[in-house]
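In: Show me how the following folds:
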Amino acid sequence: MAQGKAAEIRREEILDAAAALFAEKGYVQTSTGDIMHKVGIAKGTLYYHFSSKEEILDALLEAMGRRLLAEARSCAGQKDVPVFARMLRVLLSLNARAAGGGALLAAMHQPGSELLHEKAQAMILREAGPILSGLVREGNAQGVCDCRYPEQAVEMVMLYVLYAFDEGGEQAARDDTRTEALIANLERLFGTAPGAFAFVGELLAGQEK
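Out: Got it, this is the predicted structure:
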C-alpha cells in the first residue's frame, strides 16, 4: 500500500516537473534527461512510469482535460440557468488556466510546441463538443434556438473561442470587437433572436477579474 502511494507521488512529481519544463523551454526543447534531472531520478525510474516524453505529454493533457470537462458538465447540468447562459458558461469553463493548466498553456505558446497545441485543441473539441451540442438541441426543443446543424455550429464557435480568447489571453478578452463578433456569431449560428447573447460582454469582463 505504502509502495503504491510512493509510486503515485513519484509519477505526479514527474508530471509537475515536465509541465514546468515544457512551459519554460518548450516541449520540443525539453528532453527526458531534463525531466530526470529536475526530479532527481534515474532513467529507469522515469521509464517505469512513462515510456516516452509524448506519453508524459498525453498524461498531462488527460489530467487537464478531466478538470476542464468536469467543470463543463457541471455548467451544462445547471437546469435552473437559461440554456444560453449555460452555453457560454461551458465555453468559458474550457479555459486551461482556470483549471490549473497555466503551465501547459504557457508551453503551448513556446516555439516548437505545435504537437502540444494540436493535442490540447483536439481533446477539447472532441470531448466538449457533445456537451455543447446537447445544449443547442435543448434550445431547439425549447424554441429559443433554430439551429439545423448543432455539431457543426458548436465546432465553429469552439474554434473561435479557443483561438481568439484562450490563446489570445487577457488582451483578447478585453478586445471589444472580438466580443462583438462572438455575440454576432453565436446569434447567427444558433438561430436566436437578436440580443439573446447580449450578456456575453458582461460575463467576459467578469472573467478578467
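In: Averaged pLDDT, the helix or strand where Ala19 lies. What do you get?
Out: For Ala19, the host element (DSSP states H and E) is helix 2-25. Averaging pLDDT along helix 2-25 gives 83.
In: How about stretch 83-100?
Out: Stretch 83-100 shows a mean pLDDT of 74.
In: again with stretch 191-200
Out: Rounded mean pLDDT across stretch 191-200 is 84.
In: again, but for stretch 33-51
Out: Averaging pLDDT along stretch 33-51 yields 94.
In: Only the buried residues of it, if you could.
Out: For stretch 33-51, burial by neighbour count (16 or more other C-beta atoms under 10 Å) applies to Asp34, Ile35, Met36, Lys38, Val39, Ile41, Leu46, His49, Phe50. Quick note: C-beta positions are derived from backbone N, CA and C, even for glycine.
In: Quick check: phi and psi on Ala193?
Out: Main-chain dihedrals, Ala193, degrees, to the nearest 10: phi -70, psi 150.
In: Could you look up the next helix or strand downstream of the longest helix along the chain?
Out: If you go by DSSP state H, the chain has its longest helix at helix 114-142. Sequence-wise, the next helix or strand downstream of helix 114-142 (DSSP H and E) is helix 150-161.
In: neighbouring contacts of that next one?
Out: Contact partners of helix 150-161, identified using C-beta atoms under 8 Å, 6 or more residues apart in numbering, comprise 91, 94, 124-125, 128-129, 132-133, 136-137, 140, 147, 181-182, 185-186, 189-190.
In: Make a PyMOL selection of the buried ones in those residues.
Out: Buried members of those, defined by 16+ other C-beta under 10 Å, are picked up in PyMOL with:
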select buried, resi 91+94+124+128+129+132+133+136+140+147+182+185+186+189+190
